[in-house]
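1. with the input below, show me the fold.
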Amino acid sequence: MKKEMPRLIIIFLVVIGLVFWMWNYLFLSGKTAIKSRATDESILSLSFNPNASTLSTGQEMETTLKIKPTVEGGILVRGYLVSLFFDKTKLQLKNIEYKIGGASPDLGATNSSLSTINGNGVIRLVGEVTTPTGTAVAKDVDTELVKLKFSSVNGQGATIQIGRADAKFYILKAEAVLSDGMSIDGAKIDFNGGGAIITPGITGAPNPTTTGGTSGNVNLNLKLKFQGISGKPADSQNSMAVKVKLKKEGETNPSEATGVFSADTSGVWSGKASFNLSSVSGKYLIYIKGPQHIQKKFCDSAPSENNAGTYSCANANISITVGDNNLDFSKVMVLSGDLDQNGVVDSVDISIVRNNLGKTDTATLTKADVNRDGRVDTQDFSLILAALAVRTDEL
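-> Take a look at the predicted model:
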């Protein structure tokens, strides 16, 4: 027995050591690794390069907006929305160059809209990557997102700041799941020592309509514009059932009707929705929802917007009469995206297009051909991604 004791003691110590090592690995090292990974996953830093400049009157400078993820293995960017507000009395934008993806059709700021941008002092960078796999951005590497060129109006100080709420990125995760949950670290650039930070809101264009009427049949003869449809579709695609709601100021429940609309060569859809009302006094809101679209609220009889998706309003300002009422809403874009008509643009809508790419049969086109070109393709996919910036029906 005495001869066996040293061997038993050695075996006991080895077992104790192994148990201690496993405990340390599972409960200490594992927790540390998980904590670090969870922290890294949510951070995306923005920066300007250069982030400061001194300009004389009329002098131009170029800066690059960059992104840097801290996620292990990097990220796959599928789309993004970044809003920049600047003092238009001190700065003017001269050029935009997208480095990741391109401008989302009808939504992203481009050089063709410079006059509007400089008139409002707002740059809305809505970019999308049309390849299904997205664009890879490596961890801890500053990667160019967009190049911007500004000029100084009068040599005075100005600042552009991107806050956390001003930017959103759509990242491809495992199994092609799209996520917009990354936390954003903002960026700032100063011109001539800096100035006030501009954060303007967006308002609708008030424009009252016709007056009069008592009760009876009301016909709304509407002209509408739907995102992604720039011309007249083929005859088989040139018919759209559009839901129209008419809500009187101060009332809770709107009247509803469905009208059949068709497009002309410029992509303007015309149709009629009819209502039988006991009274047409007061002011009204009108809601428009296409079969693959996000519901849009209209407060004005002839509204307009400088950039697609920017018209927004609150107070009813439309007057109607018994009989025909001609209303032109075609200068405001009704955004696409809600394919399953549940009031929200989400992963289900993305999957409907992604799972039907390349198909041309009638049943598939009815539910997934957003731009009505006779084929479900990456253009339809891009329109759904762009709609994630808005996401829900307007109420």
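2. contacting residues for D264?
-> K232, S270 (C-beta atoms under 8 Å, 6 or more residues apart in numbering). Where you see a C-beta, it was placed from the backbone N, CA and C, and this is true even at glycine.
3. how does it look with 7 Å?
-> K232 (C-beta atoms under 7 Å, 6 or more residues apart in numbering).
4. now it: phi and psi?
-> Main-chain torsions, D264, degrees, to the nearest 10: phi -100, psi -170.
5. who are the packing partners of the helix or strand encompassing L65?
-> Using DSSP states H and E, L65 sits within strand 60-69. Counting contacts by 3 or more C-beta pairs under 7 Å, 6 or more residues apart in numbering; DSSP states H and E, strand 60-69 is packed against strand 43-49, strand 143-152.
6. just name the most buried of these.
-> Mean neighbour count (mean count of other C-beta atoms under 10 Å) peaks for strand 143-152 among the helices and strands packed on strand 60-69, with a mean of 20.
7. sorry, back to before: dump the helices and strands packed on strand 60-69 to CSV, plus distance to V218 and mean pLDDT.
-> As requested, the helices and strands packed on strand 60-69 are exported to CSV (distance: least, C-beta to C-beta, whole Å; pLDDT from 0 to 100):
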stretch, distance to V218, mean pLDDT
strand 43-49, 50, 93
strand 143-152, 47, 96
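8. quick one: contacts for A196?
-> D87, T159.
9. picking up where we left off before, can you redo the helices and strands packed on strand 60-69 as CSV with distance to S230?
-> Listed next are the helices and strands packed on strand 60-69 as CSV, based on distance: least, C-beta to C-beta, whole Å:
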stretch, distance to S230
strand 43-49, 32
strand 143-152, 24
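10. out of those strands, nearest to Q161?
-> Smallest distance to Q161 across the helices and strands packed on strand 60-69 (C-beta to C-beta): 9.9 Å, for strand 43-49.
11. packing partners of the helix or strand following the closest one?
-> Once strand 43-49 ends, the next helix or strand along the chain (criterion: DSSP H and E) is strand 52-53. If you count contacts as 3+ C-beta pairs under 7 Å, 6+ apart, strand 52-53 packs onto strand 187-191.
12. packing partners of the strand it packs on?
-> strand 43-49, strand 52-53, strand 158-162.
13. tell me which strands the longest one pairs with, and in which orientation.
-> When you say that, I think you mean strand 43-49. Neighbouring strands of strand 43-49 in its sheet, by DSSP bridges, are strand 60-69 (antiparallel), strand 183-185 (parallel).
14. distance between the helix or strand following the longest one and the chain's centre?
-> So the one you mean is strand 60-69. Following strand 60-69 in sequence order, the next helix or strand is strand 75-85 (DSSP H and E). Per C-alpha atoms, centre = their mean, to the nearest Å, the displacement of strand 75-85 from the mean C-alpha position of its chain is 9 Å.
15. identify the bridge partners of S270.
-> K223, S262.
16. for burial, what's the neighbour tally of it?
-> If you count neighbours by other C-beta atoms under 10 Å, S270 ends up with 15.
17. ok, A167 touching S183?
-> No - with contact defined as C-beta atoms under 7 Å, A167 does not reach S183; the gap is 10.4 Å.
18. which one of those two is surrounded by more residues?
-> Under the criterion of other C-beta under 10 Å, the comparison of A167 against S183 puts A167 first, with 23 against 12.
19. assumed N276 was part of a strand.
-> Yes - secondary structure assignment places N276 in a strand (DSSP: H, G, I helix; E, B strand; the rest coil).
20. show me the contacts for the nearest residue to it once chain neighbours are set aside.
-> Counting by C-beta to C-beta, 6 or more residues apart in numbering, N276 lies nearest to N217, which is 5.5 Å off, once chain neighbours are set aside. Residues near N217 by C-beta under 7 Å, 6+ apart: S274, N276, V322.
21. ok, and the most crowded of these?
-> Within those, V322 tops the neighbour count with 17 neighbours, counted by other C-beta under 10 Å.
22. right, and it touches V280 too?
-> Yes - using C-beta under 7 Å, V322 is in contact with V280, at 6.0 Å.
23. the closest residue to K94 other than its chain neighbours bridge partners, please.
-> Nearest residue to K94, sequence neighbours excluded (C-beta to C-beta, 6+ apart): K149, at 4.3 Å. With DSSP bridges applied, the residues forming beta bridges to K149 are E62, N95.
24. ok, K149 to T143 distance?
-> Between K149 and T143 the distance is 19 Å, computed by C-beta to C-beta, to the nearest Å.
25. check S382 too.
-> Distance, S382 to T143, by C-beta to C-beta: 21 Å.
26. quick one: the strands in the stretch 101-250 of the chain, in order.
-> 102-103, 122-128, 135-137, 143-152, 158-162, 167-172, 178-179, 183-185, 187-191, 216-226, 240-248 (DSSP state E, counting those that start in this stretch).
27. quickly compare those strands and say which is most buried.
-> strand 122-128 (a mean of 24).
28. elements contacting that one?
-> With 3+ C-beta pairs under 7 Å, 6+ apart as the test, strand 122-128 has strand 75-85, strand 102-103, helix 378-387 packed against it.
29. so which of the ones you listed gets nearest D346?
-> For D346, the closest of those is helix 378-387, at 9.7 Å, according to C-beta to C-beta.
30. who touches the closest one?
-> Contacts with helix 378-387, where a contact means C-beta under 7 Å, 6+ apart, come from 78-79, 104, 107, 126, 128, 130, 170, 227-228, 294, 335-337, 345, 349-350, 353-354, 368-371.
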